[in-house]
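*Asks:* what follows is a predicted protein model with its sequence.
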Amino acid sequence: MEDEKLMEFGFINSLFLFLLIPILIFVYWKYNSNKKETILEFSSLKIIKETNVKKNSTRKHLPFVLIVIVLSLIIIALANPQIVTKGVEKGVNLGIVLDGSESMAASDYEPTRLEAAKNAVKSLVTKISEKNNVGVILFESGAGTISYLTPVKEKTLSSISSIQQGTGATAIGDGLSLGIDMVSSILDKKRVIILLSDGIQNSGLVSPEQAIQYAIRNNVQIHTIGIGSEKPIYLRDDIYGEPQYAELDEVTLRNISDMTGGNYFKSLDEEVLNQILLDLSSNIEYEQELSTIRDWFIGAAIIFLLIDFYIIYGRYRIAA
């Protein structure tokens, strides 16, 4: 992995203007050399001895040094220096992709897995910044949009409260692909999805692997939360009378988060689930941005220029 750059230049070719500085120094040196020869030619040795050369040398050349500094600062400003910052001002597009399949009716969470997930998600929404857009996707045998991306928390919270328990299978890929489309719909923001599921992909048109590739192409980061318990949870008997249990595919959920730069979390009860989403609300990663610091260099150039004017024309000006 490459090291992150701390500073970049918007117009880096402007730095070639620094090639003018050595030329300017040479011209200044040449001018002073010719001037010195003229003084030696027409001055008496007595006058030269009376002159404190060392004392005046620094003050004599200081205005030129300051001019070189001013020009250097202006050249850097023309190159538009920019520092890397976190895009807190722009915020994040956050998509909540929630499993609403039959297994989410299990009562090992209080009152059910789905209701516990809804409460935890609502707590997350109330804590994140209003600069972030939040949308909600619900999936079971298929997937649908519950709430489109919006910075209005009340609308999102109302939509989450209206979610009803489903009886379908688990289409994780369909839910993710719809969530990826949603968080990609508004540009210039970090794209993040939080996936909450307690099952194994057993339905839908899009596989988790296809959803992962789709997320990578759209630069979407996915955090996954596996909702489960210490022991298998009985759901019902199948048509043959065999008991069916809720199963959690941790391998797939880990793969989704690892491949997209997110994190995987395993929840064992509603308290752990609430803590996971609380931590995520305060640790959402923002997109890196470049903020120009050109004005800093322009301001410094003006300050050095004023100092130069004061040295030349002020109280302690150098006598001609």
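*Replies:* Looks like it arrived, so ask away.

*Asks:* what are the boundaries of the strands in the stretch 101-250 of the chain?
*Replies:* With DSSP state E, counting those that start in this stretch as the criterion, the stretch 101-250 of the chain has strands at 133-139, 143-150, 190-197, 220-227, 233-237, 243-246.

*Asks:* of all those strands, which lies closest to Q164?
*Replies:* Smallest distance to Q164 across these (Cβ to Cβ): 9.1 Å, for strand 133-139. Where you see a C-beta, it was placed from the backbone N, CA and C, and this is true even at glycine.

*Asks:* which strands border that closest one, and is each parallel or antiparallel?
*Replies:* strand 92-99 (parallel), strand 143-150 (antiparallel) (DSSP bridges).

*Asks:* tilt between it and strand 190-197?
*Replies:* If you take axes from the mean of the first three to the mean of the last three Cα atoms, to 10 degrees, strand 133-139 sits at 30 degrees to strand 190-197.

*Asks:* quick revisit: so can I have TSV of the strands paired with strand 133-139 showing distance to E8, mean neighbour count and mean pLDDT?
*Replies:* TSV is the format used below for these (distance: least, Cβ to Cβ, whole Å; neighbours: other Cβ atoms under 10 Å; pLDDT from 0 to 100):
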stretch	distance to E8	mean neighbour count	mean pLDDT
strand 92-99	23	26	96
strand 143-150	30	17	96
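
*Asks:* out of those strands, flag the one nearest D258.
*Replies:* Comparing those under Cβ to Cβ, the one sitting nearest is strand 92-99, at 16.9 Å.

*Asks:* and that closest one, how far from the chain's centre?
*Replies:* Here the centre of strand 92-99 is set off from its chain's centre by 18 Å, with Cα atoms, centre = their mean, to the nearest Å.

*Asks:* stretch 64-75 now?
*Replies:* Remark: stretch 64-75 is offset 35 Å from the chain centroid, using Cα atoms, centre = their mean.

*Asks:* give me the buried positions along it.
*Replies:* F64, L66, I69, V70, L71, S72, L73, I74, I75 (16 or more other Cβ atoms under 10 Å).

*Asks:* same check, this time on stretch 206-216
*Replies:* V206, S207, P208, A211, I212, Y214, A215.

*Asks:* related to what we said a few turns ago, turn the strands paired with strand 133-139 into CSV, including distance to I83.
*Replies:* CSV is the format used below for those (distance: least, Cβ to Cβ, whole Å):
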stretch, distance to I83
strand 92-99, 21
strand 143-150, 29
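
*Asks:* so which of these comes closest to A246?
*Replies:* It's strand 92-99; of the strands paired with strand 133-139, that one is closest to A246 (Cβ to Cβ) at 10.7 Å.

*Asks:* quick check: R254 touching N263?
*Replies:* No - using Cβ atoms under 8 Å, R254 is not in contact with N263, being 9.5 Å away.

*Asks:* shared neighbours, the two?
*Replies:* Residues touching both R254 and N263 (Cβ atoms under 8 Å, 6 or more residues apart in numbering): T224.

*Asks:* quick revisit: quick check: which of the strands of the stretch 101-250 of the chain is nearest to A105?
*Replies:* strand 233-237 (8.2 Å).

*Asks:* averaged pLDDT, that closest one. What do you get?
*Replies:* Mean pLDDT, strand 233-237: 76.

*Asks:* returning to what we had before: so which of the strands of the stretch 101-250 of the chain comes closest to L19?
*Replies:* Short answer: strand 190-197, nearest of those by Cβ to Cβ, at 40.1 Å.

*Asks:* each with direction, which strands does the closest one pair with?
*Replies:* strand 92-99 (parallel), strand 220-227 (parallel).

*Asks:* find the nearest non-adjacent residue to N219, please.
*Replies:* Once flanking residues are discounted, N219 sits nearest to R191: 6.1 Å by Cβ to Cβ, 6 or more residues apart in numbering.
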